[in-house]
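Colleague: got a sequence here, can you model it:
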Amino acid sequence: MRILVTGGAGYVGSVSVEALVAAGHEAIVLDDLSTGHSWAELAGARLVVGSFGDEEAVARILTEDRIEAVLHCASRSLVGESIADPARYYRDNVGGGIALLETMRTTGVQRLVISSTAAVYGQPEASPISEDAPLKPINPYGETKRTFETAAAWYGAAYGLRSVALRYFNVAGASRRNGEAHEPETHLIPNALAAIAGDGGPLTMFGEDYPTPDGTPIRDYLHVEDLATAHLTALEATAPDDSRTDHALICNLGGGRGFSVREVLAAMEEVVGRPVPMVVGPRRAGDPPELVASIERAAAVLGWTPQHSTLREMIGSAWAWRTAHPAEGRAESRT
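Modeller: Below you'll find the predicted structure:
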């Protein structure tokens, strides 16, 4: 299969490109490098620097490279930034997303996998969260992803687009080639590893008075290589004769259970062999006590289950990548 991967030079995209190439597929990466990295190792895939919202550029790639399917990993994804600048999120995630759908429609590419987010659920009333839970996003990021998912479903009903949207919370870990390096970094595991390495000061733990067993929030963690495998499996499900995508398919992804912040930090100290420098701060507004995804549909429909779901595997691979790539792991070198 010839696959266009938008955002393929980013954390999730680059590891997914590795999985696609290893499975024998041909991948073309489209990334504007605003949050992706010029140093990402793309397993031999060709990098085109540009935006998925540029209809002329995307049409050229889809046509000249005879693309059969699109893996859409590119989006704006910082919750705080989306609240401060919703225009940017609607312009890029929705406006750019519709431009991508239109270009796929006009060039006859009818297979799409969306790397989406469980932020579309907002603050659900029950956990684990099923795909049938009400969609009540509480920030523009989640709302724009919900809007794009809906648009893809309607394009399927009207124009025959076959799509899978994969919703997940916290991606963690690394492959041997690619790891997590955002600027700013908002995720617990890379921030805690940075604190251990002395890069950026102590970690701030936001709240320790939640109604959970140890007082800290519980979250679902998914190894990035398991996510890459899910992307591959979902792309296969978009084949023209595959009944699983006769209608737009939605699947949650996760590691199979939730871990509290204290559990993550304890596992990190065991793996790395050093304490995590830490201070306790107040709760962040809007942080629910527990967010864990139900992954039963992904198992039943896609045949996907996580293979690297322990904290030791996720933290160990992230620390190994950071140790092997010290420049890429430092905040000042992130592009």
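Colleague: low-confidence stretches in the protein?
Modeller: Along the chain, segments meeting pLDDT under 70 span 329-335.
Colleague: can you pull the buried residues of stretch 196-212?
Modeller: Across stretch 196-212, burial judged by 16 or more other C-beta atoms under 10 Å covers I196, A197, D199, L203, M205, F206, G207, E208, Y210, T212. No exception for glycine: its C-beta is placed from N, CA and C like everyone else's.
Colleague: which residues touch the last one?
Modeller: Applying C-beta atoms under 8 Å, 6 or more residues apart in numbering, one finds that T212 lies in contact with I218, S260, P289, E290.
Colleague: nearest to V279, of those?
Modeller: S260 (17.6 Å; C-beta to C-beta).
Colleague: got phi/psi on the closest one?
Modeller: Note on S260: backbone dihedrals following degrees, to the nearest 10 are phi -80, psi 160.
Colleague: name the residues linked to it by a beta bridge.
Modeller: I218 (DSSP bridges).
Colleague: distance of it relative to Y168?
Modeller: 19 Å (C-beta to C-beta, to the nearest Å).
Colleague: the two - which one has more neighbours?
Modeller: Higher neighbour count among S260 and Y168: Y168, with 25 against 19, using other C-beta atoms under 10 Å.
Colleague: if we can go back for a sec, among the buried residues of stretch 196-212, which are in strands?
Modeller: Among the buried residues of stretch 196-212, the members falling in strands (DSSP state E) are L203, M205, F206.
Colleague: how about a markdown table for the residues you listed, with distance to E313 added?
Modeller: What follows is those, written out as a markdown table (distance: C-beta to C-beta, whole Å):
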| residue | distance to E313 |
| --- | --- |
| L203 | 21 |
| M205 | 23 |
| F206 | 25 |
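Colleague: filter the contacts of T212 down to the buried ones and hand me the ChimeraX line.
Modeller: Buried members of these, defined by 16+ other C-beta under 10 Å, are picked up in ChimeraX with:
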select :218,260,290
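Colleague: columns distance to P134 on top of the contacts of T212, output as TSV?
Modeller: Converted to TSV, these look like this (distance: C-beta to C-beta, whole Å):
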residue	distance to P134
I218	21
S260	25
P289	18
E290	17
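Colleague: so in the chain, which helix runs the longest?
Modeller: Longest helix of the chain, by residue count under DSSP state H: helix 140-159.
Colleague: what are the pairing partners of the helix or strand just after that one, and which direction each?
Modeller: Next along the chain after helix 140-159, taking DSSP states H and E as the criterion, comes strand 162-167. Using DSSP bridges, strand 162-167 pairs in its sheet with strand 111-115 (parallel), strand 249-252 (parallel).
Colleague: got the contact list for the last one?
Modeller: Contacts to strand 249-252, defined as C-beta under 8 Å, 6+ apart, come from residues 118, 129-131, 149, 163-168, 230, 234, 237, 293-295, 297-298, 301-302, 304.
Colleague: also the first one?
Modeller: When contacts are taken as C-beta under 8 Å, 6+ apart, the neighbours of strand 111-115 outside the stretch itself are 7, 12-13, 16, 68-73, 75, 101, 104, 148-149, 152, 161-166, 227, 231, 234-235, 238-239.
Colleague: so is F52 in a helix, a strand, or just coil?
Modeller: coil (DSSP: H, G, I helix; E, B strand; the rest coil).
Colleague: quick check: bridge partners of the closest residue to it other than its chain neighbours?
Modeller: Of all residues not flanking F52 in the chain, T6 sits nearest, at 4.2 Å (C-beta to C-beta, 6 or more residues apart in numbering). Beta-bridge partners recorded for T6 (DSSP bridges): L30, H72.
Colleague: T6 contacts A27, correct?
Modeller: No. Under the criterion of C-beta atoms under 8 Å, T6 makes no contact with A27, lying 11.1 Å away.
Colleague: quick check: G256 touching T310?
Modeller: No. Taking contacts as C-beta under 8 Å, G256 lies outside contact range of T310: 9.8 Å.
Colleague: hey, where'd the strands end up in this protein?
Modeller: Going by DSSP E, the chain shows strands at 2-6, 26-31, 46-49, 69-72, 111-115, 162-167, 170-172, 203-206, 218-223, 249-252, 258-260, 278-281, 290-291.
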